[in-house]
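# Requesting a structural model of the entry that follows:
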Amino acid sequence: MGSWVRGFVGSVVRQFAENEPRTANRRTDEPTNFCERRPGDVAKDAFVQMKRRSLEIDEDIEFQRKEWMAQRVGVALLSLFVLGALLGLTGVGGPLSHGEAGDRNGAVHVEYERYVRRGAISAVTLHLRGNPTNDVRFWMSAPYFEHVRIETIVPEPVLFSVDEARHVYTIRSGSPEVTITLEIEHKTVGTI
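Next up is the predicted model:
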């Protein structure tokens with residue numbers, strides 16, 4: 001270490017030592033200048049300096065530990081929330097927010113959003129396979145409409161009827177495989 005660094009550190013330590021109150025249990029064999037200490041005592045010196053306080057501040061170490069624990073819990077909860085948002089659990093999209101029902105090669109296959117915000121519009125895609133006729137019919141249960149409102153259906157149905165327990169839609173199609181997209185607004189919070 002250069003001589004100017006030793007001089008600077010020594011003057012800072014001397015100023016600190018002059019301002020530090022003298023205590024009865026201070027060892028008399030301890031050197032007062034930081035530069036006079038052995039190089040192996042640096043870690044010990046830092047610890048000793050931490051323990052000696054020159055300011056008279058009330059300390060409550062138990063309260064401090066509880067506060068640190070509360071901070072750690074808060075950081076953990078915030079981290080879990082951010083992770084959940086990245087995974088798609090907050091209704092903004094993500095790997096866990098997409099759901100499917102039915103067999104991809106079966107008669108009915110549905111793709112939907114698992115987690116959607118109240119008032120948000122989501123897409124439900126129906127993949128229907130059937131007989132190669134001109135009309136394809138599908139229905140949705142009436143209680144489902146207590147929680148959602150259908151904004152649009154593509155392709156647009158040519159016939160719509162309401163039974164006691166369901167809404168029936170008829171769509172014209174020239175092929176046996178039809179893909180229908182419903183844009184749905186969610187009116188309630190929670191599972192449907």
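# what about stretch 149-157, average pLDDT?
The average of the pLDDT scores along stretch 149-157 is 91.
# nearest spatial neighbour of residue 154, skipping sequence neighbours?
With sequence-adjacent residues excluded and distances taken as CB to CB, 6 or more residues apart in numbering, residue 154 is closest to residue 181, at 4.8 Å. In short, each C-beta sits where N, CA and C put it, glycine included.
# burial of residue 144, as a residue count?
13 (other CB atoms under 10 Å).
# wait, is it part of a helix?
Yes. Counting by DSSP: H, G, I helix; E, B strand; the rest coil, residue 144 is found in a helix.
# Tell me how far it lies from residue 86.
Distance of residue 144 to residue 86, given as CB to CB, to the nearest Å: 30 Å.
# circling back to that earlier point, how many neighbours does the residue nearest to residue 154 have?
Residue 181 has 13 neighbours, counted by other CB under 10 Å.
# Okay, now the sheet partners of the strand or helix carrying it, with direction.
For residue 181, the element it lies in under DSSP states H and E is strand 177-186. In the sheet, strand 177-186 lines up against strand 121-129 (antiparallel), strand 148-154 (antiparallel) (DSSP bridges).
# helices and strands of the chain: which one bottoms out on pLDDT?
The helix or strand of the chain with the poorest confidence is helix 42-51; it has a mean of 55 (mean pLDDT, DSSP states H and E).
# per-domain residue ranges of this structure.
Using automatic domain parsing, the domain parsing of the chain gives 3-51, 63-95, 98-186.
# State which helix of the protein is the longest.
In the chain, assigned by DSSP state H, the helix with the most residues is helix 61-87.
# What count of nearby residues applies to residue 113?
Counted with other CB under 10 Å, residue 113 comes out at 19.
# Show the contacting residues for it.
For residue 113, the contacting residues are 91, 93, 97, 98, 99, 122, 123, 124, by CB atoms under 8 Å, 6 or more residues apart in numbering.
# tell me which residues in stretch 106-126 are buried?
Of the residues in stretch 106-126, 109, 111, 112, 113, 115, 116, 122, 124, 126 count as buried by neighbour count, 16 or more other CB atoms under 10 Å.
# Report how many residues lie close to the spatially closest residue to the last one that is not a sequence neighbour.
Pointing back at residue 126 there. Excluding the flanking residues, the one nearest residue 126 by CB to CB, 6+ apart is residue 180, at 4.3 Å. Applying other CB under 10 Å, we find 20 other residues in the vicinity of residue 180.
# can I assume residue 180 is in contact with residue 155?
Yes. Judged on CB atoms under 8 Å, residue 180 makes contact with residue 155 at a distance of 6.9 Å.
# Common neighbours of those two, please.
Common contacts of residue 180 and residue 155, defined by CB under 8 Å, 6+ apart, comprise residue 171.
# Give me the local confidence score for residue 121.
pLDDT, residue 121: 89.
# For this protein, which residues score under the pLDDT cut-off?
Along the chain, segments meeting pLDDT under 70 span 1-55, 132-133, 190-192.
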